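In: Take a look and give me a structure for this.
(2 chains)
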Amino acid sequence: KNQVEQSPQSLIILEGKNCTLQCNYTVSPFSNLRWYKQDTGRGPVSLTIMTFSENTKSNGRYTATLDADTKQSSLHITASQLSDSASYICVVSANRGGYNKLIFGAGTRLAVHP
Amino acid sequence: GAVVSQHPSWVICKSGTSVKIECRSLDFQATTMFWYRQFPKQSLMLMATSNEGSKATYEQGVEKDKFLINHASLTLSTLTVTSAHPEDSSFYICSARDFLLEGGYQETQYFGPGTRLLVL
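Out: Model (predicted):
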């Protein structure tokens, strides 16, 4: 069972609408949580990074939340644009033997339609 | 942010040939680089961790003799897929770890743009 579960697997929204992506994790010991955007055929690009003490982090139209108690995170996209069409990957960093190992979620594939 | 490049961006080869993929950190020194493989509609899977000047550490199930990794300098790591077969066709992504502080975090990984390999 994957230690990082994302939902939904895929999502279609109309341009201009908002959406929220979910990430639940069981990774321990927790170091930090990141959201990445991966365009088709490209490498992931970091959107936000949060430690256990941070509840929310914004990057333009992207706002991530973290509840370290329930081990849940969300990524909210405001006023979506066609260029937001991509896979969004939740990555939890676990402290293993003095360095951080990244545990990847399967991603949510977002399609923004005009 | 830091930049990581990969070359080539895509490659098509015949079954049985070897393919080398380069990963470079362009504006920082990376003592550690990581190689991932990604199949369609799946997430990244770590193949190996490459430390400069030492042997790579491979994840369980990854054949070290098939996927040769060399990390000879602080800015370059190479992955060679030896005797490639169609099942090796995938998207290969590298990342480089920068230990400089970024927003107070100990380290962060920067991903390359990926290399798409198609073995015929």
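In: looking at chain A, which helix or strand does the model trust least?
Out: strand A:99-104 (a mean of 80; mean pLDDT, DSSP states H and E).
In: buried set for it?
Out: Buried residues in strand A:99-104, defined by neighbour count with 16 or more other Cβ atoms under 10 Å in any protein chain shown: A:100, A:102-104. C-beta here means a position set from N, CA and C on the backbone, and glycine is covered the same way.
In: Can you pull out the low-pLDDT segments for the chain?
Out: No chain in the question, so chain A it is. Counting by pLDDT under 70, the ranges of chain A that qualify are A:1-2, A:96-99.
In: Chain B is the one I meant
Out: By pLDDT under 70, the weakly predicted segments of chain B are B:1, B:99-107.
In: Which residue does it have closest to chain A?
Out: residue B:111 (3.8 Å; Cβ to the nearest Cβ).
In: Select the longest strand from chain A.
Out: Assignment by DSSP state E gives strand A:86-96 as the longest strand of chain A.
In: Please disregard the earlier target; I meant chain B.
Out: Assigned via DSSP E, chain B shows its longest strand as strand B:90-98.
In: ok, that one: who's next to it in the sheet?
Out: strand B:32-38 (antiparallel), strand B:108-111 (antiparallel), strand B:115-119 (antiparallel) (DSSP bridges).
In: the inter-axis angle of that strand versus strand A:99-104?
Out: For strand B:90-98 against strand A:99-104, the angle by axes from the mean of the first three to the mean of the last three Cα atoms, to 10 degrees is 150 degrees.
In: What spatial separation is found between residue A:5 and chain B?
Out: 11 Å (Cβ to the nearest Cβ, to the nearest Å).
In: How far off centre is the helix or strand harbouring that residue?
Out: Using DSSP states H and E, residue A:5 falls within strand A:4-7. Relative to its chain's centre, strand A:4-7 lies at 9 Å (Cα atoms, centre = their mean, to the nearest Å).
In: End to end on stretch B:85-94, go ahead and measure it.
Out: Start-to-end span of stretch B:85-94 (Cα to Cα, to the nearest Å) is 21 Å.
In: what's next to that stretch, contact-wise?
Out: Residues from elsewhere that reach stretch B:85-94, judged by Cβ atoms under 8 Å, 6 or more residues apart in numbering or on different chains: A:41, A:43-44, B:4, B:6, B:15-16, B:21, B:23, B:33-39, B:44, B:66, B:77, B:79, B:81, B:111-112, B:114-120.
In: Show me how to select, in PyMOL, the buried members of the residues you listed.
Out: Buried subset of the contacts of stretch B:85-94, written as a PyMOL selection, criterion 16+ other Cβ under 10 Å:
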select buried, (chain A and resi 43+44) or (chain B and resi 4+6+21+23+33+34+35+36+37+38+44+77+79+81+111+112+114+115+117+119)
